[in-house]
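1. just to be clear, the model below is a prediction. Sequence and coordinates:
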Amino acid sequence: EADIYQTPRYLVIGTGKKITLECSQTMGHDKMYWYQQDPGMELHLIHYSYGVNSTEKGDLSSESTVSRIRTEHFPLTLESARPSHTSQYLCASSEPSSGTPEQYFGPGTRLTVT
Amino acid sequence: AQRVTQPEKLLSVFKGAPVELKCNYSYSGSPELFWYVQYSRQRLQLLLRHISRESIKGFTADLNKGETSFHLKKPFAQEEDSAMYYCALRTGANNLFFGTGTRLTVIP
């Protein structure tokens, strides 16, 4: 079934650890996104990708990095987690067709850094 | 720079009453606006887009360029409408810029 997956759903980790949040989609979409959302706040776009080997920074500056080696996979990495990284991270994908494509969202990863 | 303002973080209405969720925007380009919704324990999903001029689940939204608004309306609220609603603006890179959201509660 076509879907967008995020793992883990919840992660509690200590300061200084390296973490990777996984995002995969079987929608056949080229464009993918990462959003960060603090409780009660906006979704902020932190990274996006037009396709393989394409990565762009979003509206909100982030210490995280992303990679796009395969079309279906768009992992986000934090080299050294800090409490300020505690947030919800949402992955999304869309078709880059003409007009404004609908974005499909994953279930999110709630990250807590202690 | 773009801006999307949803002035109400929380909105409660009684079942059967009209509901209006406010959204105002600021954007130098030609605006394209959307409403996304997140029901309890579900993912964020598209509700409607202004360019389609459609009614989804009884909701409509009209883009008012003079007032720079894109308010979401429904004449008779239902309990299943209780959710978090986000207004979003398309940016030049064909990305979305979201507001802070409004949590709608429909009281039975």
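-> Structure received.
2. what does chain B put close to chain A?
-> B:4, B:9, B:32, B:34, B:43-46, B:49, B:51, B:86, B:90-91, B:93-101 (Cβ under 8 Å from any Cβ of the partner chain). Placement of C-beta: from N, CA and C, glycine included.
3. of those, buried ones?
-> Neighbour-count burial (16 or more other Cβ atoms under 10 Å in any protein chain shown) applied to the residues of chain B next to chain A gives B:4, B:32, B:34, B:43-44, B:46, B:49, B:86, B:90-91, B:94-101.
4. for the residue nearest the centre of chain A, give its distance to chain B.
-> Most central in chain A under Cα atoms, centre = their mean is A:W34, positioned 3.0 Å from the mean C-alpha point. Counting by Cβ to the nearest Cβ, to the nearest Å, the gap from A:W34 to chain B is 11 Å.
5. grab the nearest non-local neighbour of B:M84.
-> Nearest non-adjacent residue to B:M84, counting by Cβ to Cβ, 6 or more residues apart in numbering or on different chains: B:Q38, 4.4 Å away.
6. can you check what pLDDT the model gives the spatially closest residue to A:G16 that is not a sequence neighbour?
-> Nearest residue to A:G16, sequence neighbours excluded (Cβ to Cβ, 6+ apart): A:S80, at 5.4 Å. On pLDDT, A:S80 comes in at 95.
7. how many neighbours does A:S80 have?
-> Other residues near A:S80 come to 12 when the count uses other Cβ atoms under 10 Å in any protein chain shown.
8. am I right that it is in a helix?
-> No. Counting by DSSP: H, G, I helix; E, B strand; the rest coil, one finds A:S80 to be coil, located in no helix.
9. check contacts around the residue nearest to the centre of chain A.
-> For A:W34, the contacting residues are A:23, A:45-48, A:58, A:64, A:66, A:74, A:76, A:89-92, by Cβ atoms under 8 Å, 6 or more residues apart in numbering or on different chains.
10. so which bits of chain A are right by chain B?
-> Residues of chain A lying near chain B (Cβ under 8 Å from any Cβ): A:31, A:33, A:35, A:40-45, A:48, A:56, A:58-59, A:90, A:92, A:96, A:99-108.
11. leaving out sequence neighbours, find the closest residue to the residue nearest to the centre of chain A.
-> Spatial nearest neighbour of A:W34, chain neighbours left out: A:H47 (4.4 Å); criterion: Cβ to Cβ, 6+ apart.
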